[in-house]
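>>> predicted coordinates and the sequence they were generated for:
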Amino acid sequence: MREGRALLIVLVIVLAGFTIYVGYTNHQRRKYREQLAGLVHTGRYDIYDQQIQERALTRLFPVFSLAMMKLNALISNGENERIDAQFQHMDTFDLTVREGQDLYQKGFYYYLKQRNKERCAYYLEKAMDVLRDPHEKAKMEELYQIFLCQNTVLEEDVCRRMEGKSEMECYREEYLLAQIYENKQDPLQAELYRTKAYRHKHQMEEAIEALRFDRRRKHNRRINDG
């Protein structure tokens, strides 16, 4: 009986200690995350680089997470030279599969937007090695072909995907068709599909937001009725 009571006391003490440790760790993570975010968003990168070497931070955050935080801030601030350097720095990391997926996809979409064919192709090849989803692979390859290789033969495939869909569901395909007509040197058709894509994307976003609002209202009504 005494042994059982003593064991229970030990378990309670261990559980309490673990709870306190988790709470303290989460508090420290929030504090340092806000501090680091402030440094990168105000451009104090030298101080940021010094702080992420501190032992307290390396215990709280993986190296990849700290580097990605800086990369996201650089992209948000539009600092292209520093972004290139940060990508090259992170390319030297020994990445897990998940980290590789995050980095290579981010690199692909960033350099796609920059219309940097060489760097985009580099990250596309890297992404193909680590991505599991064949649909995501196909989507990235299609974007690369249309936007950076001026491919026009994919027009039939894009149009086929629009069959049976409502107009607002086709905004992505319309955006691709706009670029395909740009590749064909047909600016009028390109502008037509680009305008459609923007309008239908906006309609889709409004529909999704209305659905979310309706779900929240029904949820609140159930709580109030209960």
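In hand now; what should we look at? Source: prediction; values computed, not measured.

>>> where does the prediction get shaky in this structure?
Using pLDDT under 70 as the threshold, the predicted model of the chain has low-confidence ranges 1-29, 31-33, 40, 51-60, 218-226.

>>> could you pull out the helices for it?
In the chain, helices defined by DSSP state H lie at 2-41, 45-51, 55-60, 63-77, 80-90, 97-113, 117-130, 134-148, 155-162, 171-183, 187-225, listed in chain order.

>>> and among those, the most buried is which?
Sort the helices of the chain by mean neighbour count, taking mean count of other C-beta atoms under 10 Å, and helix 171-183 sits at the top with a mean of 20. Bear in mind the C-beta positions are built from the backbone N, C-alpha and C, glycine included.

>>> just checking, what packs against it?
With contacts defined as 3 or more C-beta pairs under 8 Å, 6 or more residues apart in numbering; DSSP states H and E, helix 171-183 has these neighbours: helix 134-148, helix 155-162, helix 187-225.

>>> got the angle between the second one and helix 134-148?
This means helix 155-162. 130 degrees (axes from the mean of the first three to the mean of the last three C-alpha atoms, to 10 degrees).

>>> for helix 155-162, which outside residues touch it?
The list of residues contacting helix 155-162 from outside it, by C-beta atoms under 8 Å, 6 or more residues apart in numbering, reads 142, 170, 173, 176-177, 180.

>>> can you list the helices and strands packed on helix 171-183 in a markdown table and add distance to Ile75?
Putting the helices and strands packed on helix 171-183 into a markdown table (distance: least, C-beta to C-beta, whole Å) gives the following:
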| stretch | distance to Ile75 |
| --- | --- |
| helix 134-148 | 18 |
| helix 155-162 | 28 |
| helix 187-225 | 21 |
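
>>> so which of those helices comes closest to Gly38?
helix 187-225 (30.5 Å; C-beta to C-beta).

>>> could you list every helix and strand in contact with that closest one?
helix 171-183.

>>> mind saving the C-alpha coords of the helix it packs on as PDB?
The C-alpha atoms that make up helix 171-183 are tabulated as PDB, following Å, rounded to 0.1, in the frame of the first residue of the first chain:
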ATOM      1  CA  TYR A 171      -9.200  30.300 -62.600                       C
ATOM      2  CA  ARG A 172      -5.900  28.400 -62.300                       C
ATOM      3  CA  GLU A 173      -6.400  27.000 -65.800                       C
ATOM      4  CA  GLU A 174      -7.300  30.400 -67.100                       C
ATOM      5  CA  TYR A 175      -4.100  31.800 -65.700                       C
ATOM      6  CA  LEU A 176      -2.100  29.100 -67.400                       C
ATOM      7  CA  LEU A 177      -4.000  29.800 -70.700                       C
ATOM      8  CA  ALA A 178      -3.200  33.500 -70.400                       C
ATOM      9  CA  GLN A 179       0.600  32.600 -70.300                       C
ATOM     10  CA  ILE A 180       0.200  30.100 -73.100                       C
ATOM     11  CA  TYR A 181      -1.300  32.900 -75.300                       C
ATOM     12  CA  GLU A 182       1.500  35.200 -74.200                       C
ATOM     13  CA  ASN A 183       3.900  32.500 -75.500                       C
END
